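[1] Here is my input; please provide its structure:
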Amino acid sequence: MGSENDEDKSPENVDLNSASNLQVDISDALSEKDKVKFTVHTRTSMPEFQKNEFSVTRLHEDFIWLHDDIRDNPQYAGYIIPPAPPRPDFDASRDKLQKLGEAETGQLTKEEFNKMRQELEAEYLATFKKTVAQHEVFLSRLASHPVFRSDRNLHVFLEYEQELNVRGKNKKERLVDIFSSFQKTGDEFLLSSTQKDIDDFFEAEKTFMVTYNQQLKDAC
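    Residues are numbered from 1 along each chain as shown. The predicted structure is shown next:
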């Protein structure tokens, strides 16, 4: 896998007069106890999308699903895949803040307590901003790539309004859940594709699974 410098993490303004522009950024993020919710904002002029501008909420596991799906797609063999963003890790900062809050009266002066608290809060904020930037860079690199920008699952990731629910599920289960949801809700995103496109997609997935299983057998 290859990596790039973080200097290119700020996407350029999208030109809606062009038919191939795709700009993605994380407009907001909410840190909860065991997860971070990222608001992924997209602006595009690509005809594959229903709207020119939209936002969805995604978890870290959704980013990993997208990365792994692109990495494992045989159609992208030979391409340098942008590295997956690391898992958000605020445990160290949270633990320090908690211990500070539990400090017994008299152990620290008021000035020492306030100074340490400000330092820990600054450390937590810096870690949070870095985490958001790493996830944004990953999406920006996919969106700016001439091939990956047209990936079907990238489009699902960006435009599908409901939760992807990929945590703890394998690839087959994730695909079944996502496409079942499209069918149940009558989502126009799927219906905008032709039946041939859908058939080709599942045929490609079947071919990949057959080849993968054969490789596993040969390796045994």
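[2] can we go C-alpha only for contacts and neighbour counts from here?
    Will do.
[3] In the chain, what helix or strand scores lowest on average pLDDT?
    helix 188-191 (a mean of 44; mean pLDDT, DSSP states H and E).
[4] In the protein, spot the helix with the most residues.
    Using DSSP state H, we find that the single longest helix of the chain is helix 110-144.
[5] so what does that helix touch, helix or strand wise?
    Using 3 or more C-alpha pairs under 8 Å, 6 or more residues apart in numbering; DSSP states H and E as the contact criterion, the neighbours of helix 110-144 among helices and strands are strand 22-31, helix 91-101.
[6] Point out the other helices and strands that the longest one packs with.
    Which is helix 91-101. When contacts are defined as 3+ C-alpha pairs under 8 Å, 6+ apart, helix 91-101 packs onto helix 110-144.
[7] tilt between the helix it packs on and helix 91-101?
    Computed with axes from the mean of the first three to the mean of the last three C-alpha atoms, to 10 degrees, the direction of helix 110-144 lies at 160 degrees from that of helix 91-101.
[8] what is the mean pLDDT for the very next helix or strand once past helix 110-144?
    The C-terminal neighbour of helix 110-144 among helices and strands, as given by DSSP states H and E, is helix 152-159. Mean per-residue pLDDT for helix 152-159: 95.
[9] Residues contacting helix 152-159 from elsewhere in the structure, which ones?
    With contact meaning C-alpha atoms under 8 Å, 6 or more residues apart in numbering, helix 152-159 is reached by 40-42, 49, 54-56, 62, 66, 69, 148, 164, 189.
[10] For burial, what's the neighbour tally of the residue lying closest to S93 once chain neighbours are set aside?
    Closest residue to S93 apart from its sequence neighbours, by C-alpha to C-alpha, 6 or more residues apart in numbering: Y124 at 5.5 Å. Applying other C-alpha atoms under 10 Å, we find 20 residues neighbouring Y124.
[11] Thanks a lot, see you next time.
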